[in-house]
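Colleague: Sharing a sequence plus its predicted fold:
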Amino acid sequence: MLSSSPDHRLGLNSCPESMAKMAAAHTSKAKAVSKASNRNARLKTHTHRRSRTGCYTCRLRRKKCDEGTPMCTACRHLGLQCGYKRPHWWSNNDERRRHKEDIKNIIKRKKLAE
């Protein structure tokens with residue numbers, strides 16, 4: 001229940017000191033929001049350690065893919081097949097293992113040739 005004191009009926013906004021405190025609180029809250037948005041802006045420009053949609057060859061090799069199109073740099077450099085669409089061998093573990101071994105052999109041959 002509300003008290004009938006004159007101060008309460010007038011409210012806090014009628015007191016200059018209260019208004020100054022509220023303005024200061026509003027300003028500090030605005031600064032905090034501004035700092036938070038600056039922090040979020042910095043986080044958005046931060047590069048990710050892991051690529052999000054790397055090619056399936058880099059995913060299989062567990063290497064960071066630069067996601068270049070039509071071929072990523074790693075696949076181009078190593079002469080590997082590069083693809084961003086899910087290949088048929090991806091869903092079969094035996095085929096995936098075989099494909100990974102093939103990639104390892106290609107890389108070994110490439111290093112021996114250098």
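Modeller: Thanks, I have it.

Colleague: Quick one: the helices in the protein, in order.
Modeller: With DSSP state H as the criterion, the chain has helices at 6-10, 16-45, 56-61, 73-78, 93-113.

Colleague: and the last one, which residues are buried?
Modeller: The reference is to helix 93-113. His99, Ile103 (16 or more other C-beta atoms under 10 Å). All C-beta atoms are positioned from the backbone trio N, CA, C, and that covers glycine.

Colleague: Let me see the mean pLDDT of it.
Modeller: Average pLDDT, helix 93-113: 92.

Colleague: With the longest one instead?
Modeller: Averaged over helix 16-45, pLDDT sits at 60.

Colleague: Now do the residue nearest to Trp89 when sequence neighbours are not counted against Gly68, distance only.
Modeller: Closest residue to Trp89 apart from its sequence neighbours, by C-beta to C-beta, 6 or more residues apart in numbering: Glu95 at 3.9 Å. Going from Glu95 to Gly68 by C-beta to C-beta, to the nearest Å gives 25 Å.

Colleague: related to what we said a few turns ago, correct me, but the residue nearest to Trp89 touches Glu101?
Modeller: No. Glu95 lies out of contact with Glu101 (C-beta atoms under 8 Å); the separation is 10.7 Å.

Colleague: Touching both of these two, which residues are there?
Modeller: Taking C-beta atoms under 8 Å, 6 or more residues apart in numbering as the criterion, Glu95 and Glu101 do not both touch any residue.

Colleague: before we move on, back to that, and the gap between the residue nearest to Trp89 and Pro70?
Modeller: 24 Å.

Colleague: what do you get for Lys111?
Modeller: Distance, Lys111 to Pro70, by C-beta to C-beta: 25 Å.

Colleague: How is the protein divided into domains?
Modeller: Listed by automatic domain parsing, the domain ranges of the chain are 8-45, 56-113.
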